[in-house]
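# Have a look; sequence and predicted model below, questions after that.
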Amino acid sequence: MKTKLLFLSGCFALLSFGFVGTTSSADTKIEQTLRDLDAQWSAAAGAKDVDKTVSYYAADAIVMPPNASRAMTKETIRSAWKEMLTSPGAAITWKATKVEVAKAGDLAYVSGTYEQLMTDASGNQAKDRGKYVEIFKKQTDGTWKVIVDIWNSDLPAPASSEKK
């Protein structure tokens, strides 16, 4: 009886390791897919392709750019990106540093760093750098789309010219 129990325990342990390995392999594939998507998305934004940039969002996405109201419709998201990408001297790139996939394999987050060039209110070229988090959701057709996108600067906020 003891030998049979030991044998069954060993089989269960091996079977468990098999499931862990399969999940890990699937997670790794999803992680690579999301890293590739994020890099393609950054390239689209770098090429100032507004339509392609916006195509990475789900229909019900929420975008929370720094120092601006959140955008919750395709039109307001497109408008926000159009303003960022088409302003004089604008350039943006980002790179994922971490991808975490939910156990169910239907949600994941990507975080990383970005660099952005823009023209400030005085007409001078300004450089920003910061971090971001994107939440991706697997769609019914098997594609991954961003449902939440937020980023913010690592630089200190500019001093206000208003006196209190």
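Yep, it's here. Numbers count the residues shown, from 1 in each chain.
# CA atoms for contacts and neighbours, from now on please.
Fine.
# Now for Met118: which residues touch it?
When contacts are counted by CA atoms under 8 Å, 6 or more residues apart in numbering, Met118 touches 87-91, 125-127.
# What about it? Give its phi and psi, please.
The phi/psi pair for Met118 (degrees, to the nearest 10) reads phi -150, psi 170.
# pLDDT wise, what is it at?
We have a pLDDT of 89 for Met118.
# Return the distance of the helix or strand that contains Val110 from the chain's centre.
Assigned by DSSP states H and E, Val110 falls within strand 107-119. Strand 107-119 sits 7 Å away from the centroid of its parent chain (CA atoms, centre = their mean, to the nearest Å).
# Just say helix, strand or coil for Gly105.
coil (DSSP: H, G, I helix; E, B strand; the rest coil).
# residues near the closest residue to Ala43 other than its chain neighbours, how many?
Leaving aside its sequence neighbours, Ala43 sits nearest to Thr93 (CA to CA, 6 or more residues apart in numbering; 7.3 Å). Neighbourhood size, Thr93 [other CA atoms under 10 Å]: 18.
# So what pairs up with Thr93 in the strands?
For Thr93, the beta-bridge partners under DSSP bridges are Glu115.
# Let me know the pLDDT of it.
97.
# cool, Ala26 as well?
Ala26 carries a pLDDT value of 75.
# and it, what helix or strand is that in?
Judged by DSSP H and E, Ala26 forms part of helix 2-46.
# Quick check: what element follows that helix along the chain?
Using DSSP H and E, the first helix or strand after helix 2-46 is helix 50-54.
# and that following helix, what does it pack onto?
The helices and strands touching helix 50-54, judged by 3 or more CA pairs under 8 Å, 6 or more residues apart in numbering; DSSP states H and E, are helix 2-46, helix 74-86.
# Show me what the following helix or strand past it is packed against.
Scanning forward in sequence from helix 50-54 by DSSP H and E, the next helix or strand is strand 57-64. Secondary-structure packing of strand 57-64 (3+ CA pairs under 8 Å, 6+ apart): helix 74-86, strand 144-153.
# Flag the shaky bits of this structure, pLDDT-wise.
1-24, 160-164 (pLDDT under 70).
# and of the helices and strands packed on strand 57-64, who's closest to Asp49?
Across those, the minimum distance to Asp49, taken as CA to CA, is reached by helix 74-86, at 8.0 Å.
# now the closest one, how far from the chain's geometric center?
That offset, for helix 74-86, works out to 17 Å (CA atoms, centre = their mean).
# got the buried residues for that helix?
Buried positions in helix 74-86, judged by neighbour count with 16 or more other CA atoms under 10 Å: 74, 77-78, 80-82, 84-85.
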